[in-house]
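> Model the structure of this input:
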Amino acid sequence: MNRSTLRFAAAAVAAGITLVPVAQAQSTPNTGEQLAVQAAKKGPAELRRFIERTRMVYGLSYTDYQKYL
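Residues are numbered from 1 along each chain as shown. As a prediction, this is how the structure comes out:
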């Protein structure tokens, strides 16, 4: 362990920061598909808003989730 790593670890402990990986922090991870189905259950406007807002992240299509409306 080099000095900068040791300093960072000591500072984190002193500050009370818990270093937990993100995967462990969430108990149930939501995929884009699960979130799209949840949005569809709220109505067509909510589904369209979700698809447009997250299109670059998940690459989903509105027509694929119309059946859940």
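> switch to C-alpha atoms for all contacts and neighbour counts from now on
Noted.
> State the number of residues packed around residue 52.
Other residues near residue 52 number 14, with proximity taken as other CA atoms under 10 Å.
> gap between it and residue 67?
18 Å (CA to CA, to the nearest Å).
> go on, residue 51?
Taking CA to CA, one finds residue 51 at 14 Å from residue 67.
> higher neighbour count, these two?
Using other CA under 10 Å as the criterion, residue 51 and residue 67 rank with residue 51 on top: 23 against 10.
> Please identify the helix or strand for the more buried one.
Following DSSP states H and E, the helix or strand that holds residue 51 is helix 44-53.
> Extract the CA atoms of that helix and return them as CSV.
Taking Å, rounded to 0.1, in the frame of the first residue of the first chain, the C-alpha atoms of helix 44-53 are listed here in CSV:
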residue,chain,number,x,y,z
PRO,A,44,-48.5,6.4,-21.9
ALA,A,45,-47.2,9.9,-21.1
GLU,A,46,-45.0,8.6,-18.4
LEU,A,47,-43.6,5.8,-20.6
ARG,A,48,-42.9,8.3,-23.4
ARG,A,49,-41.1,10.6,-21.0
PHE,A,50,-39.0,7.8,-19.6
ILE,A,51,-38.1,6.5,-23.0
GLU,A,52,-37.1,9.9,-24.3
ARG,A,53,-35.2,10.8,-21.1
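> Can you name the element that comes right after the lowest-mean-pLDDT helix or strand in the chain?
Here the helix or strand of the chain ranked lowest by mean pLDDT, DSSP states H and E is helix 22-25, holding a mean of 53. Following helix 22-25 in sequence order, the next helix or strand is helix 32-42 (DSSP H and E).
> just checking, what packs against that following helix?
Helix 32-42 is packed against helix 44-53, with contacts defined by 3 or more CA pairs under 8 Å, 6 or more residues apart in numbering; DSSP states H and E.
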